[in-house]
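Colleague: Have a look at this prediction, sequence included:
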Amino acid sequence: MQLAEVLGQVVSTVKEPGLEGLTLLLVRDTEEPSGPGYVAVDVVGAGVGEIVLVATGGAARVAAGAAIPTDRAVVAIADTVIRSGAVTYSKS
Amino acid sequence: MQLAEVLGQVVSTVKEPGLEGLTLLLVRDTEEPSGPGYVAVDVVGAGVGEIVLVATGGAARVAAGAAIPTDRAVVAIADTVIRSGAVTYSKS
Amino acid sequence: MQLAEVLGQVVSTVKEPGLEGLTLLLVRDTEEPSGPGYVAVDVVGAGVGEIVLVATGGAARVAAGAAIPTDRAVVAIADTVIRSGAVTYSKS
Amino acid sequence: MQLAEVLGQVVSTVKEPGLEGLTLLLVRDTEEPSGPGYVAVDVVGAGVGEIVLVATGGAARVAAGAAIPTDRAVVAIADTVIRSGAVTYSKS
Amino acid sequence: MQLAEVLGQVVSTVKEPGLEGLTLLLVRDTEEPSGPGYVAVDVVGAGVGEIVLVATGGAARVAAGAAIPTDRAVVAIADTVIRSGAVTYSKS
């Protein structure tokens, strides 16, 4: 999974039926802050500014459901990131 | 999914039977505007210049059908993109 | 799918049985002409110099067969590429 | 698989049920030391500083279980890496 | 598939059971010689210095077996690479 920050949301009226009723979050990997944003289905109720874990590929459909045509899903909200024994992120 | 702009279309006569009758859109990620274009099967009736969501890998076949040999599908047309609380794209 | 040019071919005697009898084309994405070449199973009879569509991942096995251990397949020969309303490639 | 170093861990309370009880390791590819870190489910009991093998995509769920929404799993701890006949890494 | 050179091997004692008894080759893409190495399960008996074809993702498990948690497998040994009509590699 990627560590990512929730930046915002995408709203769409015309879409594949499997995406109906789902929240489409705009996120960006925190390990590549200059990298591109992308869109992930939310399954954990994440909000803007939160640091989350995003699963890619088939893993996104394990989380969102096999009939959901998504390749990305937010599967966890990070509380703490520990790196070399030190807490480098803590959700306040 | 990737946010992408529809640039055009690819026409092909000699192709795998599963691709018959499908629209093959040429798209490019809007988050990487200098990046390469690629080709996605359209399942939502998107037109040139529209901002869409493209699903990659198995998700493309959830949308297009399991027997369609595509790794990309346009699965939604974006109406609005909201980033840090501000609307950064709105389909006019 | 990726737009790619057929550069040549790879010949192999010692290989996984599922690859027996298949043509292994060496191709390179036309949208990234300085990018690396890679090898794709041909299912449409493409020739050197032709512009083709290459499917990646499970899509390659939808085209080539589920028992073929390939992650890339040439699934279409492009006749025309239309970009912003103009024909930018036409197979002559 | 990628050769990667275990850097630390991510702790999450709000997560997809399939991730309950699993250790989420923060790792980084040793072949790309300036590359981004990412998060992998641990199935071998790896510790910080160890060099491990990380499987990506469906391979992660072969290791962790089909119902686990992860796209990365630590599937082996490396004892020795041999390159051009020389041992370039040895777990001491 | 990627054209790759076999650089060496990784030895691991603590590993997911599905990897038991398999040779884990360290390889690097020949089309990206400055790129990172990675680890692939060998199914064709390739040796150091040989040019091989590596399949990625589910294709690796078509070759190695569905229960093997690998995302890469060496599926062929290249005899000849032909590029624009000229032989650019020949196994001597």
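Modeller: That came through fine.

Colleague: In three-state terms, how would the most centrally placed residue in chain A be classified?
Modeller: Centroid-nearest residue in chain A: A:Val74, 3.1 Å away (criterion: C-alpha atoms, centre = their mean). Here A:Val74 is strand, with the state taken from DSSP: H, G, I helix; E, B strand; the rest coil.

Colleague: Return the residues in contact with it.
Modeller: Counting by C-beta atoms under 8 Å, 6 or more residues apart in numbering or on different chains, A:Val74 makes contact with A:4, A:6, A:25, A:27, A:40-44, A:46, A:52-54. Placement of C-beta: from N, CA and C, glycine included.

Colleague: Quick check: nearest residue in space to A:Val39, chain neighbours excluded?
Modeller: Closest residue in space to A:Val39, ignoring its immediate chain neighbours: B:Met1 at 4.3 Å, by C-beta to C-beta, 6 or more residues apart in numbering or on different chains.

Colleague: now A:Ile51
Modeller: Per C-beta to C-beta, 6+ apart, closest to A:Ile51 is A:Ala78, 4.4 Å.

Colleague: Walking through chain A, point out its strands one by one.
Modeller: Here chain A has its strands, by DSSP state E, at A:2-11, A:24-29, A:38-42, A:51-56, A:72-77, A:80-83, A:86-90.

Colleague: Can I get the last one in PDB, CA atoms only?
Modeller: Once side chains and other backbone atoms are set aside, the C-alpha atoms of strand A:86-90 remain, and they are given as PDB (Å, rounded to 0.1, in the frame of the first residue of the first chain):
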ATOM      1  CA  ALA A  86      11.100   7.300  15.800                       C
ATOM      2  CA  VAL A  87       7.500   8.500  15.300                       C
ATOM      3  CA  THR A  88       7.600  10.500  12.100                       C
ATOM      4  CA  TYR A  89       3.800  11.000  11.800                       C
ATOM      5  CA  SER A  90       1.100  11.000  14.400                       C
END
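
Colleague: tell me the angle it makes with strand D:24-29.
Modeller: 110 degrees (axes from the mean of the first three to the mean of the last three C-alpha atoms, to 10 degrees).

Colleague: Parallel or antiparallel, which strands does strand A:86-90 pair with?
Modeller: Counting by DSSP bridges, the strands paired with strand A:86-90 are strand A:80-83 (antiparallel).

Colleague: before we move on, what about the longest one?
Modeller: Partners of strand A:2-11 in the sheet, by DSSP bridges, are strand A:24-29 (antiparallel), strand A:51-56 (antiparallel), strand B:80-83 (antiparallel).

Colleague: Turn the ones you listed into JSON lines, including mean pLDDT and mean neighbour count.
Modeller: Below are the strands paired with strand A:2-11 laid out as JSON lines (pLDDT from 0 to 100; neighbours: other C-beta atoms under 10 Å in any protein chain shown):
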{"stretch": "strand A:24-29", "mean pLDDT": "98", "mean neighbour count": "23"}
{"stretch": "strand A:51-56", "mean pLDDT": "98", "mean neighbour count": "26"}
{"stretch": "strand B:80-83", "mean pLDDT": "98", "mean neighbour count": "18"}
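
Colleague: wait, which of those is closest to E:Ser12?
Modeller: strand A:51-56 (25.2 Å; C-beta to C-beta).

Colleague: relative orientation of that closest one and strand D:38-42 in degrees?
Modeller: If you take the same axes, to 10 degrees, strand A:51-56 sits at 70 degrees to strand D:38-42.

Colleague: Now find how far off-centre stretch A:60-75 is within its chain.
Modeller: Here the centre of stretch A:60-75 is set off from its chain's centre by 11 Å, with C-alpha atoms, centre = their mean, to the nearest Å.

Colleague: Could I get the buried residue list for that stretch?
Modeller: A:60-64, A:68-75 (16 or more other C-beta atoms under 10 Å in any protein chain shown).

Colleague: For that stretch, give the mean pLDDT please.
Modeller: For stretch A:60-75, mean pLDDT is 98.

Colleague: Only alpha carbons, please: show that stretch as PDB.
Modeller: The C-alpha trace of stretch A:60-75 is given here as PDB (Å, rounded to 0.1, in the frame of the first residue of the first chain):
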ATOM      1  CA  ALA A  60      -8.700  -2.300  -4.200                       C
ATOM      2  CA  ARG A  61     -11.600  -4.500  -5.300                       C
ATOM      3  CA  VAL A  62     -11.000  -6.900  -2.300                       C
ATOM      4  CA  ALA A  63     -11.800  -3.800  -0.200                       C
ATOM      5  CA  ALA A  64     -14.500  -2.100  -2.400                       C
ATOM      6  CA  GLY A  65     -16.200  -5.200  -3.800                       C
ATOM      7  CA  ALA A  66     -15.400  -7.300  -6.800                       C
ATOM      8  CA  ALA A  67     -17.900  -5.600  -9.000                       C
ATOM      9  CA  ILE A  68     -16.500  -2.100  -8.400                       C
ATOM     10  CA  PRO A  69     -14.400  -0.900 -11.400                       C
ATOM     11  CA  THR A  70     -11.700   0.700  -9.300                       C
ATOM     12  CA  ASP A  71      -8.000   0.100  -9.200                       C
ATOM     13  CA  ARG A  72      -7.400   2.100  -6.000                       C
ATOM     14  CA  ALA A  73      -9.100   2.100  -2.600                       C
ATOM     15  CA  VAL A  74      -8.400   3.900   0.700                       C
ATOM     16  CA  VAL A  75      -8.200   0.900   3.000                       C
END
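
Colleague: For the nearest residue to A:Leu19 once chain neighbours are set aside, give its distance to B:Ala86.
Modeller: The shortest distance from A:Leu19 to any non-neighbouring residue, by C-beta to C-beta, 6+ apart, is to B:Ala76 (5.9 Å). According to C-beta to C-beta, to the nearest Å, B:Ala76 and B:Ala86 sit 21 Å apart.

Colleague: Between these two, tell me which one has more neighbours.
Modeller: Legend: neighbour count by other C-beta atoms under 10 Å in any protein chain shown for B:Ala76 and B:Ala86, higher for B:Ala76 (29 against 8).

Colleague: Quickly list what that one is bridged to.
Modeller: If you apply DSSP bridges, the partners that B:Ala76 bridges to are A:Lys15, B:Leu53.

Colleague: ok and the residue in chain A nearest chain E?
Modeller: Minimum separation of chain A from chain E (C-beta to the nearest C-beta) falls at A:Gly57, amounting to 8.6 Å.
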